[in-house]
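S.K.: Prediction below, plus the sequence it came from.
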Amino acid sequence: MHRVQIKDKTFVLKFAQDDIQKRISDLAKQIDHDYNGLKPLFIIVLNGAFMFASDLIKNINIECELTFVKLSSYQGMQTSGQVKEIIGLQHNIAGREIVVVEDIVDTGITMENLLTDLNKLGPKSIRIASLLFKPESFQKKFPIHYIGYSIPNDFVVGYGLDYDELGRNFPEIYELTHT
Ligand code: 5GP
């Protein structure tokens, strides 16, 4: 499919399935190389990263563990902004080599909050693997070691990412058309 319609929006194909698979297998090779013998723990951020994580982990050949978390939103007592809390982290991450697996880093606010919370639990190291990255929108300074694609500041869906909860099932990535 070259174009998809979700509700009132039209999206056009950005990355085809085989392109994504190739890119992910390259990322997995890099991670295999970097973490050989270190038994990393992959922390997969639901919902958006489920498809990326599945394909990435299938391509990882070194010994590793994985766990899934969600980020909840609630109104913080002291701040007017939204504070996200980690839900479902059952592993003890103290002293572990962590790879956080995310679908997209946009402004970086969500990831920075997550990194702050994870760092309080005393991991040995944390690196990020994000399928997508929007450098023009990024406001933070933390490094993202494994990036699938850097993309312009356009809204994308598919391959786990949604528009109003729709489109997560697409095996490709689509971007919003401006026409
Ligand atoms: P942040 O701005 O905090 O880096 O991004 C927070 C969240 O916004 C991401 O985890 C993702 O859920 C959502 N997001 C940012 N850009 C896009 C996009 O282009 N498409 C979709 N579907 N979600 C996005």
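M.R.: Received, thanks.
S.K.: contacts, neighbours, all on C-alpha from now
M.R.: OK.
S.K.: Quote the end-to-end distance of stretch 7-26.
M.R.: 34 Å (Cα to Cα, to the nearest Å).
S.K.: next one: it to chain centre, how far?
M.R.: 15 Å (Cα atoms, centre = their mean, to the nearest Å).
S.K.: what do you get for stretch 144-155?
M.R.: Worked out by Cα atoms, centre = their mean, stretch 144-155 lies 10 Å from the chain centre.
S.K.: Contact partners for residue 144?
M.R.: 127-130 (Cα atoms under 8 Å, 6 or more residues apart in numbering).
S.K.: before we move on, what about residue 37?
M.R.: Residue 37 neighbours (Cα under 8 Å, 6+ apart): 62-63.
S.K.: what sits up against the lengthiest strand in the chain?
M.R.: If you go by DSSP state E, the chain has its longest strand at strand 65-75. Residues outside strand 65-75 that contact it (Cα under 8 Å, 6+ apart) are 39-47, 81-91.
S.K.: Just the buried subset of those residues, written out for ChimeraX, thanks.
M.R.: Those of those that count as buried under 16 or more other Cα atoms under 10 Å are selected in ChimeraX with:
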select :40,41,42,43,44,45,46,47,83,84
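S.K.: center of the chain - which residue?
M.R.: The residue lying closest to the centre of the chain (Cα atoms, centre = their mean) is residue 102, at 1.2 Å.
S.K.: Check the gap between it and residue 179 for me.
M.R.: Applying Cα to Cα to residue 102 and residue 179 gives a distance of 29 Å.
S.K.: Checking residue 4 next. Helix, strand or coil?
M.R.: strand (DSSP: H, G, I helix; E, B strand; the rest coil).
S.K.: No further questions, thank you.
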